[in-house]
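A.B. asks: Fold the following and give me the result.
(one chain, ligands or ions: 1)
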Amino acid sequence: MSAPEGVREGFDIFAGTIAEMTWQEVDHAAKDGAVLLWAFGVIEQHGPHLPTGTDVYLPQARLRGVRKVLADRGVRALIVPPYYWGVNQTSGSFPASYHVRPEITKELMSDVFRNFEKDGFRHVFCFSGHGEAAHNRTIHEGVRLGASRTSLQISFVADAALASRVGISLSDPHLALPPDDVAADAPASGVRFFQAGATPASPGAPERAPRYVDVHAGRGESSQMLASCTGLVRDDLRRRLPSTDLGTEELAVWRRGLDDARRTTPLGYLGDPASANADEGRASLERLARRAADAVIARLAAPDVTTESIP
Ligand SMILES: [Zn+2]
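C.D. replies: Numbers count the residues shown, from 1 in each chain. As a prediction, this is how the structure comes out:
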């Protein structure tokens, strides 16, 4: 019997995570002072050319990079199996895009944090694989809730552009920012964050909103998928997709989600997938991993945070 259409094998979101270790190996790592890295994605449509798990595969690829950079700097880290039932209204009108209420996600996070505490870990670093504001606010609130119910040091690793866009104070003690962002006085616009594939503006260049945005299943994400999960990209299709050429005004409508998003991008992508390439994706993944590792190291050097209890 053959597999249903579209089913492909060989990409393992558990690769390199606790799920592939034995309990004794995890126990030793905890006693050895390892920190935990945990990504929060969603299962969500990503256009005709990328799989619905893109926001899970990509942060996992990035975390493997983070772990390597940390190891080179003497910090041992384990990767937690990814969380993928996230908060997702943007693509909610498309099939295969799943939404879970924020309170469910927060309570689940809190329960899992308790397990990490029981196992003797001290530091947990959480990451987002999905740009939606409500999803990222939920991760941040879940981090605070977990910190209030355990003795763990828990941080949300995000860049300043994302934190500003979703309304998290840059001085929040549970936010771990790359030191560059702290120094540079964060950009107010959140456009840059999800243009991960774009060339970063040269230092000192004025920050201008780009004419066309590439935020979802476009050049940025397609490049990173080509670099990390090539076999999951429907490449013949990708090469034929026209650029959406939408600007920040249409992006604002798209971000309202559900039917507004589906009307704005009937095929589900927002950006220019045809211009994607694996080299750019590799460079983006490496840059993001370095920045995240910098944020982790800065947080580990900072004093402990005490969190008041949240009911
Ligand atoms: Zn995505």
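A.B. asks: what about the helices in the stretch 201-311 of the chain?
C.D. replies: Secondary structure of the stretch 201-311 of the chain (DSSP state H, counting those that start in this stretch): helices located at 219-228, 235-240, 248-255, 258-264, 278-301.
A.B. asks: Can you list the buried residues in the longest one?
C.D. replies: By 16 or more other C-beta atoms under 10 Å, the buried positions in helix 278-301 come out as 278, 280-285, 288-289, 291-297, 299-300. C-beta here means a position set from N, CA and C on the backbone, and glycine is covered the same way.
A.B. asks: ditto for the shortest one
C.D. replies: Applying a neighbour-count criterion of 16+ other C-beta under 10 Å, the buried positions in helix 235-240 are Asp235, Arg238.
A.B. asks: Need the CA coordinates for that helix. PDB is fine.
C.D. replies: Extracted C-alpha coordinates of helix 235-240, given in PDB (Å, rounded to 0.1, in the frame of the first residue of the first chain):
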ATOM      1  CA  ASP A 235      10.700  22.900  -5.400                       C
ATOM      2  CA  ASP A 236       9.100  22.800  -8.900                       C
ATOM      3  CA  LEU A 237       6.100  24.600  -7.500                       C
ATOM      4  CA  ARG A 238       8.200  27.100  -5.500                       C
ATOM      5  CA  ARG A 239      10.100  28.200  -8.600                       C
ATOM      6  CA  ARG A 240       6.900  29.100 -10.400                       C
END
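A.B. asks: Identify all contacting residues around that helix.
C.D. replies: Helix 235-240 is touched from outside by Pro48, His49, Leu50, Ser222, Leu226, Pro273, Ala274, Ala276, with contacts defined as C-beta atoms under 8 Å, 6 or more residues apart in numbering.
A.B. asks: Look through the stretch 1-150 of the chain and state the residue closest to the ion.
C.D. replies: Asp55 (4.2 Å; C-beta to the ion).
A.B. asks: related to what we said a few turns ago, scan the contacts of helix 235-240 and report the most crowded one.
C.D. replies: Pro273 (35 neighbours; other C-beta atoms under 10 Å).
A.B. asks: Spit out the contact partners of that one.
C.D. replies: Gly47, His49, Leu50, Ala217, Gly218, Arg219, Ser222, Arg238, Leu241.
A.B. asks: how close does the third one get to Pro266?
C.D. replies: As for Leu50, its distance to Pro266 is 16 Å (criterion: C-beta to C-beta, to the nearest Å).
A.B. asks: what packs against the lowest-mean-pLDDT helix or strand in the chain?
C.D. replies: Among the helices and strands of the chain, helix 179-184 carries the lowest confidence by mean pLDDT, DSSP states H and E, at a mean of 82. With contacts taken as 3 or more C-beta pairs under 8 Å, 6 or more residues apart in numbering; DSSP states H and E, helix 179-184 sits against helix 160-166, helix 278-301.
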